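In: Everything below, folded, please.
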Amino acid sequence: MFDEIGKIIFENEIVAKASDFNMSIEVESIRINSSGQLTKEAYPEALGNQRKNHFIKTDVYQIQSEIITPTAPKSLDALHYLMALNDTLRNALAPNELLWPLSMPPVLPKDKKTIPVANVEPAQKAYYEKWIQTRSDTQGIPVGVHLNVSINDKVLQTVWEKEKDKFDSYADFVNSIYIKLAQGFIYYRWLITYLFGASPIAEKNYFSEDEDHPTRPVRSIRSSKYALTSEIPQDYRSVKSYVNNVESSIKEGKLFSEAGYHASVRLKSTHGSLNTMVDRGVDYIELRMLDLDPTTALGIRTTAIRFFRILLSYFMMTPPMETPDKMNALMSEGLSKNEVVALERPDQQTIYHHEAQIFLDKLQQFGANIQWGPEYQEVLDTMQDRLDNPTLTPSAILTRHMQDDSLMSYGLAVANRYQNRAHENPHPFKGFENNPGMTADELRKEIFGAMGKSGLYKSK
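Out: A predicted model of the protein is given here:
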């Protein structure tokens, strides 16, 4: 089951370290008023200057708030950051404001051009305005969850010492692992859409009357062609192929910038231009395929985090799915399957049930080989239950809350519940008002130092 990398990780008894990843979590949400309409309020004053705050930002539109946690050395630590920042945002909202709990927006105004673009730096705002002109009126409005993940440096170094003779450089070695992760998530996005899709319908005015759109509930509008997708061919044969594909698309005018590449998986560098990944190695991978989970105020549950850790470990420690010359064909197959799954009826078995079962069985075998604990077996059991009974999937559960083909009543009830709960926090973090540009280390000390836990959240 293991490839050479997996064998080294297993034989050196670093499975636990290898299967917990440095992680940052981005959660987007839409601010609404108490009636369920898009807010007209400015960026919350209690969060300081919105152009300086690194952790609670505004996305493309002014109504979209985005929490970005610092990178934490353990994935569950990132959730602790998210919980603190989520409470911070909610307590900073105007008295009549709420956070809409669903990926698809509430009822929109008929004229979407009345939705204000984010009040960001002039150059960034100009980019947003230019970008919006190339899209439909609604493509940039749905929100979701992104996971930014990197591999523990000590794990990489341990494997590198055993594998260095097989690569021209350390960067080539690192890139060989990250591209394998990307390939796994690109192909199996259809399974993630099945298991976690939670955007079955669009509310009034999202689609125009003459626009093609689903006429019944589906698994995930946000994960389908009806939301934000990448319109250029995807190339995941290697990191160099990925970089060349994106850069050539920018030169040809198909993309304005790297940020406009809206694939579900992006390779990222912290060292400037995209091309530096070829020579210096990928720094982290961005996974962009999760809808908001409305059953938690955070938008994502530990169940999802743990399942993604299982997938990350599996893709890292097992052989590539295909040879490089056939990889793009396999990736295209996965993307096609995702479109089918995204638009299936949420309460019906997926047509890829058999392949999903084979893959879950492989994950079970993998977990048994590396001797994961009971919490991961519980996660796999939950995923198996969702596969066996599609009525247990998030999207199917949401359809049972629909009234008159709408989730407005449900969304408002949940939004109020989470807002009231946040107000019960006796000590919400309020440090951004006086120091909106604080660093990740300052934020860690401010939030967790007061709780006596600052040592648990050391910077990477």
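In: What does the residue lying farthest from the centre of the chain show for phi and psi?
Out: Most distant residue from the mean C-alpha position of the chain: D165, 35.3 Å away (C-alpha atoms, centre = their mean). D165 adopts backbone torsions of phi -70, psi -10, taken as degrees, to the nearest 10.
In: Y314 now?
Out: According to degrees, to the nearest 10, Y314 has phi -60, psi -50.
In: Give me the next element, helix or strand, following the helix or strand hosting G367.
Out: In this assignment (DSSP states H and E), G367 forms part of helix 353-370. Next helix or strand after helix 353-370 toward the C-terminus (DSSP H and E): helix 374-388.
In: got any ranges where this structure has weak pLDDT?
Out: 450-460 (pLDDT under 70).
In: show me the biggest strand of it in terms of residues.
Out: Identified as the longest strand of the chain according to DSSP state E is strand 22-33.
In: Next, the buried residues of that strand.
Out: Buried residues in strand 22-33, counted by 16 or more other C-beta atoms under 10 Å: N22, M23, S24, I25, E26, V27, E28, S29, I30, R31, I32. C-beta here means a position set from N, CA and C on the backbone, and glycine is covered the same way.
In: and the nearest residue to the fifth one once chain neighbours are set aside, how many residues sit next to it?
Out: With sequence-adjacent residues excluded and distances taken as C-beta to C-beta, 6 or more residues apart in numbering, E26 is closest to H146, at 4.1 Å. The criterion is other C-beta atoms under 10 Å. On that basis, H146 has 20 neighbouring residues.
In: Let's verify H146: helix, strand, or coil?
Out: For H146, the assignment made with DSSP: H, G, I helix; E, B strand; the rest coil gives strand.
In: What are the neighbouring residues in contact with the residue positioned nearest the centre of the chain?
Out: The residue lying closest to the centre of the chain (C-alpha atoms, centre = their mean) is H146, at 1.9 Å. Counting by C-beta atoms under 8 Å, 6 or more residues apart in numbering, H146 touches I25, E26, E28, E286, L287, R288, L290.
In: Also D381?
Out: Per C-beta under 8 Å, 6+ apart, neighbours of D381: none.
In: before we move on, what about Y410?
Out: P294, L398, H401, M402, Q403.
In: Recalculate using a threshold of 10 Å.
Out: The contact partners of Y410, taken as C-beta atoms under 10 Å, 6 or more residues apart in numbering, are P101, L102, P294, L398, R400, H401, M402, Q403.
In: quick one: which of these is most hemmed in?
Out: Going by other C-beta under 10 Å, L102 tops the contacts of Y410 with 28 neighbours.
In: Name the residues of stretch 93-112 that are buried.
Out: Neighbour counts over stretch 93-112 (16+ other C-beta under 10 Å) mark 93, 97-108, 112 as buried.
In: CA atoms only: put the helix or strand harbouring L195 into PDB for me.
Out: Counting by DSSP H and E, the element that carries L195 is helix 189-196. The C-alpha coordinates for helix 189-196 follow below in PDB (Å, rounded to 0.1, in the frame of the first residue of the first chain):
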ATOM      1  CA  ARG A 189     -13.300  16.200  -5.400                       C
ATOM      2  CA  TRP A 190     -16.400  14.500  -6.500                       C
ATOM      3  CA  LEU A 191     -16.400  12.300  -3.300                       C
ATOM      4  CA  ILE A 192     -15.800  15.400  -1.100                       C
ATOM      5  CA  THR A 193     -18.800  17.100  -2.900                       C
ATOM      6  CA  TYR A 194     -20.900  14.100  -2.100                       C
ATOM      7  CA  LEU A 195     -19.900  13.800   1.500                       C
ATOM      8  CA  PHE A 196     -19.800  17.600   2.400                       C
END
